[in-house]
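**Q** Quick one: sequence plus predicted model below, questions after.
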Amino acid sequence: MTSTSSQPTGNGTVSTPAPAQRPQSTVEPDGESVGELVKDASTHLSTLIRSEIELAKTELIGTVKRAGISIALFVVAGAIVLYALTFGFISYGAGLESVGLAASYSFAIVFGTLLLLAGVLAYVGLRLIKRVGKPERTLSTVKDTAAWAKHPTKTN
């Protein structure tokens with residue numbers, strides 16, 4: 001694209017072409033080409049992504065360790081509660097015996113109470129497990145991904 005400029009002369013104005021703009025150079029003032037800049041940017045981006053992944057790994061390792069210790073403490077606490085319940089049930093039976101029941105009847109009542117409690121918990125657990133459904137969205141996306149992997153050029 002050329003432009004013209006007007007210059008006055010003695011008999012009027014005359015149009016003269018303006019100097020052509022020189023084409024944009026692919027070399028930047030510091031001497032790097034656009035290609036080199038893009039290459040540097042992609043190198044820095046991949047370094048940044050790798051660093052972010054390393055940071056995530058480091059944070060997750062600490063989190064997983066703390067979670068593992070917490071789970072171990074819960075398991076130990078559960079075992080202690082289990083042993084404590086044993087002594088609690090023995091006390092329950094001994095208390096029934098002190099009221100005047102024979103020892104065999106007292107401990108039979110404790111046994112029946114435990115069976116009843118176990119039955120109620122099993123019933124509630126069974127009811128809850130029947131409510132659990134399939135992960136429909138996950139199954140759907142897995143099927144879509146498998147279909148795409150077989151024919152990546154086809155779209156739905």
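**A** Yes, it's here.
**Q** show me where pLDDT drops low in this protein?
**A** The model of the chain has pLDDT under 70 over residues 1-31, 152-156.
**Q** repeat that with 80
**A** Filtered on pLDDT under 80, the chain yields the residue ranges 1-32, 133-135, 139, 142, 145-146, 148-156.
**Q** Longest helix of it, counting residues only.
**A** In the chain, ranked by residue count with DSSP state H as the criterion, the top helix is helix 34-99.
**Q** Tell me the gap between that one and the middle of its chain.
**A** Offset of helix 34-99 from its chain centre (CA atoms, centre = their mean, to the nearest Å): 14 Å.
**Q** and the angle for the helix or strand that it is followed by with helix 34-99?
**A** Next helix or strand after helix 34-99 toward the C-terminus (DSSP states H and E): helix 103-131. Interaxial angle, helix 103-131 versus helix 34-99 (axes from the mean of the first three to the mean of the last three CA atoms, to 10 degrees): 150 degrees.
**Q** ok, then the element right after helix 103-131?
**A** Counting by DSSP H and E, the next helix or strand C-terminal to helix 103-131 is helix 136-150.
**Q** ok so, going back, the longest helix of the chain packs against which elements?
**A** helix 103-131 (3 or more CB pairs under 8 Å, 6 or more residues apart in numbering; DSSP states H and E). Placement of C-beta: from N, CA and C, glycine included.
**Q** what packs against the helix it packs on?
**A** Under the contact rule (3+ CB pairs under 8 Å, 6+ apart), helix 103-131 is packed against helix 34-99.
**Q** Residue 109: neighbour count?
**A** 15 (other CB atoms under 10 Å).
**Q** Next up, the contacts around the nearest residue to it once chain neighbours are set aside.
**A** Sequence neighbours aside, residue 96 is the residue nearest to residue 109 in space, at 5.8 Å (criterion: CB to CB, 6 or more residues apart in numbering). Going by CB atoms under 8 Å, 6 or more residues apart in numbering, residue 96 touches 105-106, 109-110.
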